[in-house]
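[1] Sequence plus the predicted model coming up.
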Amino acid sequence: MPRSGAVLRGASAGHALRLQLFAGGGGARLSRILEFQTIPGDSNGGFRLIVNETLYSGPLSTGASCLALLPDPSQNGALTPQYRAIEAGPHSFVLADHIAFCRFFYKERLPPEAPESWVTEWRRPRLPAAVRVEMAPLVADPRGCRWPV
């Protein structure tokens with residue numbers, strides 16, 4: 001576990017968007033492991049953004065979802081955890097429903113003079129400077145209200 005108390009692994013592949021956030025803070029009894037994912041919606045189409053939440057009780061609790069440590073060519077061959085697929089279950093919580101799309105972006109930590117850079121995957125040991133979530137409703141609001149995208 002990095003000293004920051006959190007590990008973030010994010011990736012996107014079509015609509016199978018995944019973001020795993022192992023959040024620590026305030027002691028292990030208050031910490032949670034959060035896993036976000038989009039899944040197909042009901043028969044009306046679209047997608048749902050869900051989250052699975054479990055208690056963080058120490059490094060072994062995150063290790064339970066780690067399948068292997070494999071060399072990552074994009075990180076100069078550094079060993080990178082490979083996590084199990086996130087699965088929707090009876091304890092999954094729906095954060096957004098009837099959405100047309102949902103995308104995660106990660107802001108790179110760059111010197112202040114450098115232009116902003118947002119990427120669609122995050123496999124680095126340090127946390128990104130920010131995480132942006134973009135989504136839109138499946139059906140436009142008849143009152144003309146719009147979601148920020």
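    Thanks, I have it.
[2] And for residue 117, the neighbour number?
    11 (other C-beta atoms under 10 Å). Heads up, the C-betas are built off the backbone N, CA and C, glycines and all.
[3] Show the backbone phi and psi for it.
    Here is the backbone geometry of residue 117 (degrees, to the nearest 10): phi -140, psi 120.
[4] Would you mind measuring from it to residue 141?
    Relative to residue 141, residue 117 is positioned 33 Å away (C-beta to C-beta, to the nearest Å).
[5] now residue 38
    As judged by C-beta to C-beta, residue 38 and residue 141 stand 20 Å apart.
[6] now swap in residue 62 and tell me
    Here the distance between residue 62 and residue 141 works out to 39 Å (C-beta to C-beta).
[7] higher neighbour count, those two?
    A side-by-side neighbour count of residue 62 and residue 141, using other C-beta under 10 Å, places residue 62 first with 19 against 9.
[8] The more buried one in helix, strand or coil?
    For residue 62, the reduced secondary structure class is helix; criterion used: DSSP: H, G, I helix; E, B strand; the rest coil.
[9] just residue 37 next, same as before
    Using three-state DSSP, the secondary structure recorded for residue 37 is strand.
[10] and it, what are its bridge partners?
    residue 18, residue 50 (DSSP bridges).
[11] Does it touch residue 47 like I think?
    No: with the criterion set as C-beta atoms under 8 Å, residue 37 and residue 47 do not qualify as a contacting pair; they are 9.8 Å apart.
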